[in-house]
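Enquirer: Give the three-dimensional model of this entry:
(one chain, ligands or ions: 1)
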Amino acid sequence: MNTMDTAKSVQKWIDEHPDFIDDWWVERDEFAGMTSPYSIWLYTKKGFIVSGMDAHLIHESNAKDFLAMAATIKPCDCEQCVS
Ligand SMILES: [Zn+2]
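Expert: A predicted model of the protein is given here:
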């Protein structure tokens, strides 16, 4: 999977799930060492949690892992979400 395909598959998921997303971006960094020159960040909107990470955010170094985590987003009624 090249970088262009990666961007497309992530962008497609983003476009299809606007209700889940507060903010997201792709950052050039060395989060995954030599295996990936970038990482993908996403913060969920109030009321949703990434249950696979037990957190209100995703930080992954490739589209495959990002989409796997994105698939675990669920409604959330924690203190932070309901306040
Ligand atoms: Zn929550």
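
Enquirer: Which elements pack onto the biggest helix by length in the chain?
Expert: If you go by DSSP state H, the chain has its longest helix at helix 3-16. Applying 3 or more CB pairs under 8 Å, 6 or more residues apart in numbering; DSSP states H and E, one finds that helix 3-16 contacts strand 21-28, helix 63-70. The C-beta positions use only the backbone N, C-alpha and C, and glycine is treated the same way.

Enquirer: Strand partners (parallel or antiparallel) of the first one?
Expert: According to DSSP bridges, strand 21-28 has the following sheet partners: strand 38-44 (antiparallel).

Enquirer: can I assume His59 sits in a strand?
Expert: Yes: assessed by DSSP: H, G, I helix; E, B strand; the rest coil, His59 belongs to a strand.

Enquirer: Quick check: bridge partners of the closest residue to it other than its chain neighbours?
Expert: Excluding its sequence neighbours, the residue lying closest to His59 (CB to CB, 6 or more residues apart in numbering) is Trp41, at 5.4 Å. Under DSSP bridges, the beta-bridge partners of Trp41 are Trp25, His59.

Enquirer: which residues does Trp41 contact?
Expert: 24-27, 57-59 (CB atoms under 8 Å, 6 or more residues apart in numbering).

Enquirer: Direction-wise, compare the longest helix of the chain with strand 38-44 and give the angle.
Expert: 0 degrees (axes from the mean of the first three to the mean of the last three CA atoms, to 10 degrees).

Enquirer: got the contact list for helix 3-16?
Expert: 1, 21, 24, 26, 40, 62-63, 66-67, 70.

Enquirer: okay, these in JSON lines with pLDDT next?
Expert: What follows is these, written out as JSON lines (pLDDT from 0 to 100):
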{"residue": "Met1", "pLDDT": "44"}
{"residue": "Ile21", "pLDDT": "97"}
{"residue": "Trp24", "pLDDT": "96"}
{"residue": "Val26", "pLDDT": "90"}
{"residue": "Ile40", "pLDDT": "93"}
{"residue": "Asn62", "pLDDT": "90"}
{"residue": "Ala63", "pLDDT": "91"}
{"residue": "Phe66", "pLDDT": "95"}
{"residue": "Leu67", "pLDDT": "96"}
{"residue": "Ala70", "pLDDT": "98"}
